[in-house]
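In: Whatever this is, show me its structure:
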Amino acid sequence: MRDVRPLKRPGQALALALAVLAVPFLASGALAESTAPASPAANSTTYQDSVGEDPTAPDITTLVASNDDAGTITFRINVPNRAQLTQDLVLIMDIDSDANQATGDPQNFGADYILQYLLGEAVLYKWDGSDYTLSATQSSLTASWASGPTIKVNAADLNNTRRLAFDALVVSGVVFDQTTGDIDCTACKRDVAPLIGLYTFDVKTTPPTLVVKSFRPTPARPASGRPFTLRLVAARSDSGAVVQNGRVTCVGKLGNLRLRATVQRVQGGAATCTWSIPANARGKTFRGSVTVSFEGLKAAQSYTGKVR
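Out: Numbering: from 1, shown residues only. Just a heads-up that it's a prediction; the model follows:
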């Protein structure tokens, strides 16, 4: 029998009994690989499940695991014959966050986490070496249901996973006693994917860059005898966060003459470079550039203009 560990509902002594939710399996220990390769562009992998085993049970047809550059992992579990989330439906996912069966729960394919979605609430539990306890890191966890559940969780809440293994168990017919927290699963129907082992998924992200959001000269053209400023606003490509500090490099030239910047720092969310344009510079060409470096990332922009 396939082992599903007892789980608790927050605030109640609610447990899903092993004998009730157990499903048969043919072998243990083998990881079931995806049947479709990941797409490098979207990093999305589709897993096919067998269909039609029990017409009265929830029927998982496909599962799609994907992630974005911020490390948010999405599990989409398609259950077409359960269009809406009803009170009797439960999702349980085993998640082996290091894809290593030698660590984690030895009775559950090395699972490091169990995700439980019931009564409209998703909760993450972590294996502590002897049991599952409420995970201290699950702030990113969200869940919804439309012809099956969609689960989103950031890799940071799964021990910064870069390769994981998982399965999905959908159960219908679960009756909850709201007073005692007891469960009656006499009429339960279930489908598990995969039937043997776990699927594997690699979390792939594009290395972040700094993107130039704006670049503004003040005044619009350099003027002789006046200060001239270039302001560059840069943001991280993964989070969109604007750079608020970092190292600024200013290069300014008037013909062959190199000008020293009088201001060279991040201020007001912009990498700022200011030069004093000589009084005799009218008609000459000014060339300048601004570079900001932050946490190993760089953004730069150049400017060329005739001094008025």
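In: now the end-to-end length of stretch 43-61.
Out: 20 Å (C-alpha to C-alpha, to the nearest Å).
In: list the buried ones in it?
Out: For stretch 43-61, burial by neighbour count (16 or more other C-beta atoms under 10 Å) applies to Asn43, Ser44, Thr45, Thr46, Tyr47, Asp49, Ala57, Pro58, Asp59, Ile60, Thr61. (Glycine included, C-beta is placed from N, CA and C.)
In: give me the beta-bridge partners of the residue nearest to the second one when sequence neighbours are not counted?
Out: With C-beta to C-beta, 6 or more residues apart in numbering as the measure, Ser66 is the residue that lies nearest to Ser44, at 3.8 Å, once sequence neighbours are left out. Taking DSSP bridges, one finds Ser44, Thr74 as the beta-bridge partners of Ser66.
In: so where is this structure shaky, pLDDT-wise?
Out: The chain contains residues with pLDDT under 70 at 1-42.
In: what does the domain assignment say about it?
Out: 18-202, 210-306 (automatic domain parsing).
In: Checking the nearest residue to Asn81 once chain neighbours are set aside next. Helix, strand or coil?
Out: Of all residues not flanking Asn81 in the chain, Asp59 sits nearest, at 5.1 Å (C-beta to C-beta, 6+ apart). The local conformation at Asp59, judged by DSSP: H, G, I helix; E, B strand; the rest coil, is coil.
In: List the residues that contact Asp59.
Out: Val51, Gly52, Glu53, Val79, Pro80, Asn81, Asp191 (C-beta atoms under 8 Å, 6 or more residues apart in numbering).
In: And for Thr209?
Out: Counting by C-beta under 8 Å, 6+ apart, Thr209 has contacts Arg236, Ser237, Leu297, Ala299.
In: Same question for Arg247.
Out: Val292, Ser293, Phe294.
In: Tell me the one of those nearest Asp184?
Out: Closest approach to Asp184 among those (C-beta to C-beta): Phe294, at 57.1 Å.
In: and the closest residue to the closest one other than its chain neighbours, how many residues sit next to it?
Out: Nearest non-adjacent residue to Phe294, counting by C-beta to C-beta, 6+ apart: Gly246, 3.4 Å away. For Gly246, the count of nearby residues is 18 (other C-beta atoms under 10 Å).
In: Surely Gly246 and Thr291 touch.
Out: No: the criterion here is C-beta atoms under 8 Å, and Gly246 misses it with Thr291 at 9.8 Å.
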